[in-house]
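Asks: Kindly return the folded structure for what I paste below:
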Amino acid sequence: RSTEPWRESIYRDHHEGISASAMARMRRLGSATVGRIYAEFTGRKARERESLQCPQVLGIDEHRVHRGLPFATTFCDLKNRRIFDIVPGRSARELAGFLSRLQGREKVKVVCIDLSSSYRALVRRWFPNARIVADRFHVIRLLQHHFLDLARQIVPELRTHRGLPGVLRRHPSRLEKRHQDKLEKLLVDHPALAPLYEKMVELWDLLRLKHQAARTCRHHIPKLLRLIDELRQSAFEPLVRLGTTLHRWREALVTMWRFTRNNGITEGFHRKMKLIQRRAFGFRNFHNYRLRVIAQCG
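Replies: Below is the predicted model:
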């Protein structure tokens, strides 16, 4: 027989990073016993999730698990900076069971997602009172992707020159002197690229805005819509695709100015989840993986 405090000490030491084999040697136990005790305590934490209210500020993103289960969806409490839960799959059908049981969905105020139409439809259905906020990192990365796609068509040497695309991806305010010189030479040698680069930076500056009051947002909206319309009417296909996507997400872009939370917190937890998988040499059982993530990230 064993006491509850003793079992809790086993759980705590293993949770802090002492391996099961080391715990077994130190406490004169079997490794399987350490695993059962840890699973018992993590199971308790997981069962608590069933009665918890959904966070008011929620981040939703996907991450890879293993080849048998390519994707799982992460629900992150962005306000308290912790994982709320992870669910296998990413489609509306796969997530419907979890979301239908979720308590407090109507109290969710903000949901941050990347530019995924499926997640947007999911949020509109299951979180009716929530504002959708586009994740700033993914929006700016999309802007850079389409601009560089066009830049490589205009300047073929960008396909083989590794340094120049990095200069174009970095905001002008963050360029060092040597990078500024490279950028200036590139724009002088290829004049057709200069107005496109200026247009990208103008839109980039607008998308980087944070902590904006409602009145200020209303002031910026006409400029954003003008830039999007210019992209949609462009003669270049990459810019047309970019403008079409931004037009579809224009409301989420505007709310991005008001709400500063983003899925950078969620992405950080995804890196920690990868470390959890590596330390365990992978998880075949998703239930065990979920328990470990909730214990260490929740």
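Asks: Below-threshold pLDDT in this protein: ranges please.
Replies: Along the chain, segments meeting pLDDT under 70 span 1, 282.
Asks: do that again at 90, thanks
Replies: Scanning the chain for pLDDT under 90 picks out the ranges 1-53, 64-71, 156-166, 259-262, 274-298.
Asks: Would you map out the domains in it?
Replies: In terms of domains, the chain is parsed into 4-49, 52-134+262-297, 136-258 (source: automatic domain parsing).
Asks: how about those domains in a markdown table, adding mean neighbour count?
Replies: In this view, the C-beta of every residue, glycine as well, is placed from N, C-alpha and C. Output for these, formatted as a markdown table (neighbours: other Cβ atoms under 10 Å):
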| stretch | mean neighbour count |
| --- | --- |
| domain 4-49 | 14 |
| domain 52-134+262-297 | 17 |
| domain 136-258 | 15 |
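Asks: so what's the closest residue to residue 110 other than its chain neighbours up against?
Replies: Leaving aside its sequence neighbours, residue 110 sits nearest to residue 57 (Cβ to Cβ, 6 or more residues apart in numbering; 4.8 Å). Neighbour list for residue 57: 77-79, 108-110, 112, 261 [criterion: Cβ atoms under 8 Å, 6 or more residues apart in numbering].
Asks: Same check on residue 210?
Replies: 257, 260.
Asks: pretty sure it belongs to a strand, no?
Replies: No: assessed with DSSP: H, G, I helix; E, B strand; the rest coil, residue 210 is coil; it does not lie in a strand.
Asks: re earlier: backbone dihedrals for the residue nearest to residue 110, please?
Replies: Dihedral angles of residue 57 (phi, psi; degrees, to the nearest 10) stand at phi -120, psi 110.
Asks: how far away is it from residue 42?
Replies: Residue 57 is 25 Å from residue 42, where distance means Cβ to Cβ, to the nearest Å.
Asks: Likewise for residue 82?
Replies: Separation of residue 82 from residue 42 (Cβ to Cβ) stands at 15 Å.
Asks: Show me the helices in the stretch 151-298 of the chain, by range?
Replies: Assigned by DSSP state H, counting those that start in this stretch, the stretch 151-298 of the chain shows helices spanning 163-169, 177-189, 193-207, 214-232, 237-248, 250-258, 264-279, 286-297.
Asks: Present these as CSV; the columns should include distance to residue 118.
Replies: Below are the helices of the stretch 151-298 of the chain laid out as CSV (distance: least, Cβ to Cβ, whole Å):
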stretch, distance to residue 118
helix 163-169, 27
helix 177-189, 37
helix 193-207, 23
helix 214-232, 22
helix 237-248, 13
helix 250-258, 14
helix 264-279, 17
helix 286-297, 20
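Asks: Can you say which of those helices is nearest to residue 94?
Replies: helix 286-297 (12.0 Å; Cβ to Cβ).
Asks: helices or strands up against the closest one?
Replies: The helices and strands touching helix 286-297, judged by 3 or more Cβ pairs under 8 Å, 6 or more residues apart in numbering; DSSP states H and E, are helix 31-48, strand 82-88, helix 264-279.
Asks: Which one of those lies nearest to residue 188?
Replies: Nearest to residue 188, of these and by Cβ to Cβ, is helix 264-279 at 35.9 Å.
Asks: got the contact list for that closest one?
Replies: 59-61, 63, 65, 74, 76, 78, 81, 83, 112, 137, 283, 289, 292-293, 296-297.
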